[in-house]
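Engineer: sequence below, structure please.
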Amino acid sequence: MLCKCPRCRKGKMFSESNPYKLKSTMKMHRECPVCKQPFDIEVGFYYGSSYISYALSIAISVASLVAWWIVVGLSMNDSRFFYWMGFNAVLLIVLQPWIMRVARTGWLAFFVRYDRNWRANPPKPLERTNADQQNNW
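Structural biologist: Sure, this is the predicted structure:
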C-alpha cells in the first residue's frame, strides 16, 4: 500500500511520493534506490497491473456500497441507489492515481519476492529487456 520495493520493502518505487501530481504520477525509478532491484522487468510488464487495478476498484465499490447501505440505506422506491452510483464514480476517479500505483506495486510483488538478506544477495539479472522498446506503451 505504501508503494515500496517488494524485494527490500525500503526503497520507493515512484520518483514522486505524491500520487496527485498528475504529470509525474506514474514515473518510476529504473531500479530501487536501496537494493538496486530493477523495476522494468520486461517490455510491457505493467499491462498486467490492470487486473489488480480492476480488483481494487471492485473492492472499493463493494465497500462503499455496504457503507452507503448502512449509513443512508437503499430502496427501490427512490433514487438513493443512483446517488450511490454517482458518489462511487467520483470516489473512484479521486482514488485512481493511488489505485494505479498500488496496482503496479502489487503486480511487481507477484514476480519479485521479499528477500530478508537483500544486502548479501544481489538482484537477479534481467533476461527479457529491450532498451529500444522501453516506454513504448
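Engineer: mind listing what's buried in stretch 116-123?
Structural biologist: 118, 123 (16 or more other C-beta atoms under 10 Å). C-betas here are computed from N, CA, C, even on glycine.
Engineer: chain center to that stretch: distance?
Structural biologist: Mean C-alpha position of stretch 116-123 versus that of the full chain (C-alpha atoms, centre = their mean, to the nearest Å) differs by 24 Å.
Engineer: for the protein, where's the lowest mean pLDDT among helices and strands?
Structural biologist: Lowest by mean pLDDT, DSSP states H and E among the helices and strands of the chain is helix 80-111, with a mean of 93.
Engineer: in three-state terms, label the residue of the chain most remote from its centre for me.
Structural biologist: Within the chain, the residue lying farthest from the chain centre (C-alpha atoms, centre = their mean) is residue 77, at 38.2 Å. Following DSSP: H, G, I helix; E, B strand; the rest coil, residue 77 is assigned to coil.
Engineer: in the least confident helix or strand of the chain, what counts as buried?
Structural biologist: Quick answer for helix 80-111 (16+ other C-beta under 10 Å): 84, 88, 91, 96-97, 99-109.
Engineer: which two in those residues are spaced the farthest apart?
Structural biologist: 84 and 108 (33.3 Å; C-beta to C-beta).
Engineer: could you pull out the helices for the chain?
Structural biologist: Taking DSSP state H as the criterion, the chain carries its helices at 49-71, 80-111.
Engineer: residue 41: which of the ones you listed is closest?
Structural biologist: Comparing these by C-beta to C-beta, helix 80-111 comes nearest, at 6.4 Å.
Engineer: how much space between the residue farthest from the centre of the chain and residue 34?
Structural biologist: Going from residue 77 to residue 34 by C-beta to C-beta, to the nearest Å gives 57 Å.
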